[in-house]
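# Predicted model and sequence below, questions to follow.
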Amino acid sequence: MKEANLLKLEDRIDRSGSGRKFVNFRKVNTSRPFECLEMDIKMVWIPSAGKNAYLLSVIDVHTRRILTDLFSFSIKQKQVIELLSQLFMNYQYPDNIVIRSDNGSQFIAKNVRECLGLIGVSQEFTHIATPEENAHIEAYHGILKKEVFNRFEYRTFGEIEKILKEYVVFYNYERLHGLLGRITPMEKWNTEKYKIVTEKLTA
């Protein structure tokens, strides 16, 4: 550890989460896509490995579209940064975004918060033991439990990874959502994506 400079205070990962902004309103009201996103990590038991894998999902609150996800045996702050950076870059850095999460170590890490701040994304955290403040992504993971994990038999990481990839496509493009007026998340997205405002990059 000495040779790798891991004992130096300045090189340690900051997981204190000091300076976090907590949510002000439990219920989210949105008027456009990419106004408020929610993210969360769900544990997934892998029988053949005898341990959990982890699914990180990001949902657009306005349309209920799953924008991106990551399935891995380990999810660290670096992977969170890479996933979100790629997401926002793909949509030309939409303006005035808020992203909610719980207080997981990957989300409160200083590097994650600084990265999001640099690209203009406001980050807010739910209060302890209040999953209802992150209700939309919690609901999606609840749907996964009911419609995937309780229905499909799998043993390996690869088997459930394939099922999850197929389910996200089904959820976004085919599954009718009652709170959207019995349309799919992608129908809602395609109807209102013109409202997304992106930053104008100048030379």
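Thanks, I have it. Numbering: from 1, shown residues only.
# What's the first helix or strand after the longest helix seen in the chain?
For the chain, the helix with the greatest residue count under DSSP state H is helix 157-173. As assigned by DSSP states H and E, the chain's next helix or strand after helix 157-173 is helix 185-192.
# right, and residue 71 touches residue 161 too?
Yes - under the criterion of CB atoms under 8 Å, residue 71 makes contact with residue 161 at 5.4 Å. (Each C-beta comes from the backbone N, C-alpha and C, glycine too.)
# my guess is residue 102 meets residue 124, correct?
No - using CB under 8 Å as the test, residue 102 is too far from residue 124 to be in contact (10.9 Å).
# Might you list the low-confidence residue ranges for this protein?
Along the chain, segments meeting pLDDT under 70 span 1-19, 25-26, 199-203.
# Which stretches in it count as strands?
Listed in chain order, the strands of the chain (DSSP state E) span 36-46, 51-60, 66-72, 97-101, 121-125.
# so can I have CSV of these showing mean neighbour count and distance to residue 174?
Formatted as CSV, these follow (neighbours: other CB atoms under 10 Å; distance: least, CB to CB, whole Å):
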stretch, mean neighbour count, distance to residue 174
strand 36-46, 20, 21
strand 51-60, 19, 17
strand 66-72, 17, 13
strand 97-101, 21, 26
strand 121-125, 18, 30
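# Turn those into CSV, columns for distance to residue 169.
Formatted as CSV, the strands of the chain follow (distance: least, CB to CB, whole Å):
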stretch, distance to residue 169
strand 36-46, 18
strand 51-60, 14
strand 66-72, 9
strand 97-101, 23
strand 121-125, 26
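# Please name whichever of these is nearest to residue 153.
Across these, residue 153 has its closest neighbour in strand 36-46 (12.7 Å, CB to CB).
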